[in-house]
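>>> Have a look at this prediction, sequence included:
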Amino acid sequence: MSDKLVRAISKDGFVKAAAVSTRELTERARQIHDASPVATAALGRLLAAGSMMGNDLKGDGASVTLRIKGDGPLGTLLVVSDNQGNVRGSVQTPQAALPVREDGKLDVGGGVGHTGTLTVIKDLNLKEPYVGSVELLGGEIAEDIASYFVESEQIPTACGLGVLVDRDRSVLRAGGYLIQLLPGAPEGIIDRLEKGIMEAGPVTKLLLDNDDPESLLRRVMKDFELEILETVPVEYRCYCSRERVSRALISMGREELSSLIAEQGQADLSCQFCDKVYHFSKEELEGLLSSM
């Protein structure tokens, strides 16, 4: 099944929800970065969260960036989503490996780190982007996403994310859900939601049973009548181009670009999201310098 995202609202109008299946795009990220299982699981969780948060943005060209800086061996995790939910991402140390936890699961919290920050940058095509930042709760990512919404946007939120890595290191299942209360929701709604989430169990088990995102949402919210608003395909999509890399070189400034030409005579720049390499000859670099 190709990756897709489902967005829904409860019939009573008190809860909005999204769920996403992201096995293919997470596997694409794993291959690009040659990621270890724990790096794949961490980045995959953040990719799923980014996809759902990006798809919720209004306006063409809007985007959301999620950046986790933890004290774990994985270093900084970075994910960018467009307003359709297409994502790209990177992890600073993708080959970092950790022993599995006592329960046999990948130690994502240990890989990310138990202290650090989650920063969310929403670019809504306004003069300034919206930036919110929260302290990590434990580095498992789903609870950190929920914490961000509660602290920075005052939206009661439940988030579940999961990535199941196979024995050959490939991605077997990936995805998650994001459930949020809308203004005016009565207090009892939270209890009903929590009960459904507890009974549904871990996201990876739900995805293993059936990784259709609508099925995932209906099982977690079985006590609610849901109206499906949209179902859209999502994918790993990088927007890098030679023009963008050229602009990055120009933004270095005349002095630094001149030093680059003098010292190296050429430049090979690789995209952090897709590992595509852009080669610039000495003549091309001098052309950029003269255009400044």
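Received the coordinates, thanks.
>>> what ranges do the strands span in the stretch 101-250 of the chain?
All strands of the stretch 101-250 of the chain, identified by DSSP state E, counting those that start in this stretch, fall at 116-123, 130-135, 157-165, 171-181, 226-233.
>>> Serialize the ones you listed to TSV and add fields for distance to Thr22 and mean pLDDT.
To be clear about C-beta, it is placed using only N, CA and C from the backbone, and glycine gets the same treatment. What follows is the strands of the stretch 101-250 of the chain, written out as TSV (distance: least, Cβ to Cβ, whole Å; pLDDT from 0 to 100):
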stretch	distance to Thr22	mean pLDDT
strand 116-123	19	96
strand 130-135	23	94
strand 157-165	8	96
strand 171-181	4	97
strand 226-233	11	96
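>>> Compare these and give me the one nearest Val38.
With Cβ to Cβ, the closest approach to Val38 among the strands of the stretch 101-250 of the chain belongs to strand 157-165: 8.5 Å.
>>> Dump the strands of the stretch 101-250 of the chain into JSON lines; add mean neighbour count and distance to Asp268 as well.
Below are these laid out as JSON lines (neighbours: other Cβ atoms under 10 Å; distance: least, Cβ to Cβ, whole Å):
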{"stretch": "strand 116-123", "mean neighbour count": "18", "distance to Asp268": "28"}
{"stretch": "strand 130-135", "mean neighbour count": "14", "distance to Asp268": "32"}
{"stretch": "strand 157-165", "mean neighbour count": "24", "distance to Asp268": "31"}
{"stretch": "strand 171-181", "mean neighbour count": "25", "distance to Asp268": "29"}
{"stretch": "strand 226-233", "mean neighbour count": "12", "distance to Asp268": "33"}
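>>> Which among these is found nearest to Asn210?
strand 171-181 (10.0 Å).
>>> Centre of the chain to the closest one, how far?
Its chain's C-alpha centre and that of strand 171-181 lie 11 Å apart, by Cα atoms, centre = their mean, to the nearest Å.
>>> Partner strands of that strand and their direction?
The pairing partners recorded for strand 171-181 under DSSP bridges are strand 15-21 (antiparallel), strand 157-165 (antiparallel).
>>> okay, the angle between the longest helix along the chain and strand 15-21?
What stands out as the longest helix in the chain, according to DSSP state H, is helix 37-55. With axes from the mean of the first three to the mean of the last three Cα atoms, to 10 degrees defining the directions, helix 37-55 sits at 130 degrees from strand 15-21.
>>> Can you name the next helix or strand after helix 37-55?
Going down the chain from helix 37-55, the next helix or strand is strand 63-70, by DSSP states H and E.
>>> how far is that next one from where the chain is centred?
Worked out by Cα atoms, centre = their mean, strand 63-70 lies 8 Å from the chain centre.
>>> Name the residues that touch it?
46, 49-50, 53-54, 57, 76-83, 112-123, 136, 139, 141, 144 (Cβ atoms under 8 Å, 6 or more residues apart in numbering).
>>> about what we covered before: looking at the longest helix of the chain now, give me its mean pLDDT.
Per-residue pLDDT values across helix 37-55 average out to 97.
>>> Show me how far it is from its chain's centre.
The answer for helix 37-55 is 4 Å, by Cα atoms, centre = their mean.
>>> I'd like the numbering to begin with 27 instead of 1 from here.
Let's use 27 as the start, then, which means that last one is helix 63-81.
>>> How about stretch 76-88, which residues are buried there?
Gly76, Ser77, Met78, Met79, Gly80, Asn81, Asp82, Leu83, Ala88 (16 or more other Cβ atoms under 10 Å).
>>> meant to ask about stretch 264-279, not that
For stretch 264-279, the neighbour count (16+ other Cβ under 10 Å) marks Cys264, Cys266, Val271, Ser272, Leu275 as buried.
>>> Restricting to C-alpha, output it in CSV.
Listed next in CSV are the C-alpha coordinates belonging to stretch 264-279 (Å, rounded to 0.1, in the frame of the first residue of the first chain):
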residue,chain,number,x,y,z
CYS,A,264,13.0,16.9,-1.6
TYR,A,265,12.8,20.3,-3.2
CYS,A,266,16.5,20.8,-3.6
SER,A,267,17.8,22.2,-7.0
ARG,A,268,20.9,23.6,-8.5
GLU,A,269,19.3,27.1,-8.3
ARG,A,270,18.8,26.7,-4.5
VAL,A,271,22.3,25.5,-4.0
SER,A,272,23.6,28.4,-6.1
ARG,A,273,21.7,30.8,-3.8
ALA,A,274,23.3,29.1,-0.8
LEU,A,275,26.7,29.7,-2.2
ILE,A,276,26.0,33.3,-2.9
SER,A,277,24.7,33.8,0.7
MET,A,278,28.2,32.8,1.9
GLY,A,279,29.3,36.3,1.0
